[in-house]
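Visitor: 3D, please:
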Amino acid sequence: MKLSCLQENLSRGLGIVGRAVATRSTLPITQNILLATEQSRLKLAATNLEMATTCWIGAKVEQDGAITIPARLLIDFVNSLPNDLIEITLPTNSHTLELKSGRFQAHINGIDAEDFPPIPKISDGMTTNIEAAALREGTTQVVFAAATEESRPVLTGINAEFEGEQLDLAAADGFRLAVHKMTLVSPVDQKTTVIIPARSLNELNRLLGDQEEPVEIITNQQKSQILFRLKNAELVSQLIQGSFPNYSQVIPQSYSTRAVVDINEFLRVIKMSSIFARDASGIVRLVITPGAELTPGKITVSAQAEEIGGNVGEIDALADGEEAKIAFNVKYLSDVLSVLHQAQVALEVTTPSSPGVIRPIGVDNYVHVIMPMFVQW
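Guide: Got it, this is the predicted structure:
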């Protein structure tokens, strides 16, 4: 193998695939990155056997070849080089890759590319396309609500339901639920529901950074794997097997109190209370007071840590219904408010022991449900 490419491009490519490298594995080669020439470009690939990322970068290829190289070593060395041309050479019948850039050079021992786990080819199931910006917004607004503990594996994933021209993403961890609906560029022939690991969607979100073209999504017929095809990269992920809970039953259909507030003000007062709430089991109390004829409504936010102290903050709100009290985990509130980019948000509550609902104002494609915390008032 003999080729040359820019340090900047190689560094970016290694950054894309590097996150899919296995950190701890019984299969040592999964801690390597595959370098191979393909159609006059350099292909980089990495896998941890649950997820595989591939990307292609521009290169001047003089001789074809392939090798796998320890990821951490390769990434660190390439990142330390100046932004210049890198010459990459793999002598015939050798497993030692030679890198040269200006007055700097290195040789790194690798493992035969034949031993690298094959990256699945997916082409026989559901196929659709979606705008990159819509997919980026949808994943950002649900992925944080997935469970991180493995006790119920289905909750560590995002339930993705493709039907007609619509894709619904839902995540829940037993304490909160996030649902985002978006429109597909190309409709699907039949309804398809899969559970995508949250880790894979987090990684996809990183790859979507500057993508402008629509993203192609393909599942295999067995619904065991999914492929996301971007402009110069692909991500293949295993899917989680099992049934996602029927989340529509969790979303309250009515409320007794509704308050519309400025998101930035709400987030500021929540973060202020979090300073005290972290020493009080994360509990933050909300009191919604509807306005009278001449006085605006308000939400009073407070946190009280017995040994340290407490705080109280007030923000204006367009509140209707009865006065209401409810307590939440402060992290759950700040998590959802941090991913919304609308100007205002509505908080809907019924009783102190019923779930609270957050909906951004101006769009009807997102809903977030948070279970309350039980406190003495």
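Visitor: and the helices in the stretch 151-300 of the chain, which stretches?
Guide: For the stretch 151-300 of the chain, helices defined by DSSP state H, counting those that start in this stretch occupy the ranges 198-207, 263-277.
Visitor: mind giving me a markdown table with those helices and columns for distance to residue 57?
Guide: Where you see a C-beta, it was placed from the backbone N, CA and C, and this is true even at glycine. Shown next, in a markdown table, are these (distance: least, Cβ to Cβ, whole Å):
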| stretch | distance to residue 57 |
| --- | --- |
| helix 198-207 | 14 |
| helix 263-277 | 39 |
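Visitor: of these, which approaches residue 218 most closely?
Guide: helix 198-207 (13.6 Å; Cβ to Cβ).
Visitor: mind listing what's buried in the closest one?
Guide: Buried residues in helix 198-207, counted by 16 or more other Cβ atoms under 10 Å: 198, 199, 200, 201, 202, 203, 204, 205, 207.
Visitor: quick check: closest non-adjacent residue to the third one.
Guide: Counting by Cβ to Cβ, 6 or more residues apart in numbering, the nearest residue to residue 200 once its immediate chain neighbours are dropped is residue 237, at 3.7 Å.
Visitor: beta-bridge partners for the one you found, please?
Guide: Judged by DSSP bridges, the bridge partners of residue 237 are residue 51, residue 226.
Visitor: I'd say it and residue 195 touch.
Guide: No - with contact defined as Cβ atoms under 8 Å, residue 237 and residue 195 do not form a contacting pair (10.6 Å).
Visitor: quick revisit: what's the closest of the helices of the stretch 151-300 of the chain to residue 310?
Guide: Short answer: helix 263-277, nearest of the helices of the stretch 151-300 of the chain by Cβ to Cβ, at 5.3 Å.
Visitor: show me what that closest one is packed against.
Guide: Contacts defined by 3 or more Cβ pairs under 8 Å, 6 or more residues apart in numbering; DSSP states H and E place helix 263-277 against strand 283-289, strand 297-305, strand 309-321, helix 330-339, strand 344-349.
Visitor: ok, which of those comes nearest residue 56?
Guide: Within the helices and strands packed on helix 263-277, the stretch nearest residue 56 is helix 330-339; the backing value is 30.9 Å (Cβ to Cβ).
Visitor: now the helices for the stretch 1-150 of the chain?
Guide: Taking DSSP H, counting those that start in this stretch as the criterion, the stretch 1-150 of the chain carries its helices at 7-18, 71-80, 132-142.
Visitor: among these, which is the most enclosed?
Guide: Compared across those, helix 132-142 shows the largest average neighbour count, a mean of 21 (mean count of other Cβ atoms under 10 Å).
Visitor: average pLDDT across that helix?
Guide: Averaging pLDDT along helix 132-142 yields 96.
Visitor: got the angle between it and helix 198-207?
Guide: With axes from the mean of the first three to the mean of the last three Cα atoms, to 10 degrees defining the directions, helix 132-142 sits at 140 degrees from helix 198-207.
Visitor: so which elements touch helix 132-142?
Guide: The contact analysis (3+ Cβ pairs under 8 Å, 6+ apart) places helix 132-142 against strand 166-172, strand 176-183, helix 198-207.
Visitor: turn the buried residues of helix 198-207 into CSV, including pLDDT.
Guide: Converted to CSV, these look like this (pLDDT from 0 to 100):
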residue, pLDDT
198, 97
199, 95
200, 96
201, 97
202, 95
203, 95
204, 96
205, 94
207, 93
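Visitor: closest to residue 87 among those residues?
Guide: Checking the buried residues of helix 198-207 against residue 87 by Cβ to Cβ gives residue 207 as the nearest, at 27.6 Å.
Visitor: any idea how far residue 35 is from the closest one?
Guide: 19 Å (Cβ to Cβ, to the nearest Å).
Visitor: kindly report the same for residue 322.
Guide: Distance from residue 322 to residue 35, by Cβ to Cβ: 65 Å.
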